[in-house]
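Q: take this sequence and fold it.
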Amino acid sequence: MERYNLSITTGGLFILETVTLLRAYHDSGSWEKVLERVTEENLLQKTHIRSAMNVYNDVRRRIESAYGWEMKALVNTEDPEERGFVCMAFTSRRYRILRDAVVDVVNYKWQGGDRILEPYEIPKFIESLIPEHPELERISARTREDLAQILKRDMRDGGLLVKEMGRIFRIKKPGISIKMENRYRNEGSADDLRLMLYSEAEIRSIKRNS
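A: Model (predicted):
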């Protein structure tokens, strides 16, 4: 897991690109053949080959953190909310800062009955990390702002936030199927359940009975 690799700021969850690459891999069974399609057929529909390669490499690294059944779900489902949550789940395994932001800010507020994510809360969370993670102090204030926006966008695309009036975002549970929720309950980690906004007491009960 890469705790605070800032390549997370470059492109959000890459949901459509991830589905495209996984379907191509499902058809060919070879990442080498997928890469050929990316470079020779412009599979990802990018203006420049360098952009396509950056996306390909980033998505491949993230997929390394996915469960096999998550990848199958992305190939088979047409549900945009389910796709979004699955991509957020394995991206948060690759980039710990996304997992931490969800758990420390969104889940904390959800468990407290506060459904509104205030504009200052994600930037404040990032600032709170600086004493223990000086690498964040070495980046510019603008980059920290970009990071805050990407984290919020990832949570929105992952189905945890709904935009309301102005800059207001409301927290909600992710909209995934009962089948997928049960896969996470039975085969996922405690962190997966935290991303699904379960409380610690609920997680202990689920793990005790699984």
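
Q: can you name the next helix or strand after the host helix or strand of residue 69?
A: Assigned by DSSP states H and E, residue 69 belongs to helix 68-76. Later in the chain than helix 68-76, the nearest helix or strand by DSSP H and E is helix 80-94.

Q: hmm, back to that, against which helices or strands is the helix holding residue 69 packed?
A: Judged by 3 or more CB pairs under 8 Å, 6 or more residues apart in numbering; DSSP states H and E, the packing partners of helix 68-76 are helix 15-28, helix 80-94, helix 178-187. In short, each C-beta sits where N, CA and C put it, glycine included.

Q: among these, which comes closest to residue 154?
A: Nearest to residue 154 among the helices and strands packed on helix 68-76 is helix 80-94; the distance by CB to CB comes to 5.9 Å.

Q: check which residues of the closest one are buried.
A: The neighbour-count check on helix 80-94 (16 or more other CB atoms under 10 Å) flags 82-94 as buried.

Q: one step back: what does the helix holding residue 69 rub up against?
A: Under the contact criterion CB atoms under 8 Å, 6 or more residues apart in numbering, helix 68-76 has outside partners 18-19, 22-23, 26, 63, 82-83, 86-87, 89-90, 180, 183, 187.

Q: contact partners for the spatially most central residue of the chain?
A: In the chain, the residue lying closest to the centroid (CA atoms, centre = their mean) is residue 88, at 2.0 Å. With contact set as CB under 8 Å, 6+ apart, residue 88 has these partners: 13, 98, 154, 155, 157, 158, 159, 160, 195.

Q: roughly how far does it sit from residue 205?
A: Here the criterion is CB to CB, to the nearest Å. By it, residue 88 lies 24 Å from residue 205.

Q: ok, residue 66 next?
A: Residue 66 sits 26 Å away from residue 205, going by CB to CB.

Q: where do the helices sit along the chain?
A: Remark: helices assigned in the chain by DSSP state H are 15-28, 31-40, 49-63, 68-76, 80-94, 96-101, 108-111, 121-129, 141-157, 178-187, 190-195, 200-209.

Q: CA atoms only for the longest one, dumped as CSV, please.
A: C-alpha atoms of helix 141-157 as CSV (Å, rounded to 0.1, in the frame of the first residue of the first chain):
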residue,chain,number,x,y,z
ALA,A,141,-0.6,24.6,-0.6
ARG,A,142,-2.1,24.4,-4.1
THR,A,143,-1.3,20.7,-4.4
ARG,A,144,-2.9,20.1,-1.0
GLU,A,145,-6.0,21.9,-2.3
ASP,A,146,-6.0,19.7,-5.4
LEU,A,147,-5.6,16.6,-3.1
ALA,A,148,-8.6,17.7,-1.0
GLN,A,149,-10.7,18.2,-4.1
ILE,A,150,-9.7,14.8,-5.6
LEU,A,151,-10.5,13.0,-2.3
LYS,A,152,-13.9,14.6,-2.2
ARG,A,153,-14.5,13.7,-5.9
ASP,A,154,-13.4,10.1,-5.3
MET,A,155,-15.9,9.8,-2.4
ARG,A,156,-18.6,11.3,-4.5
ASP,A,157,-17.8,9.0,-7.5
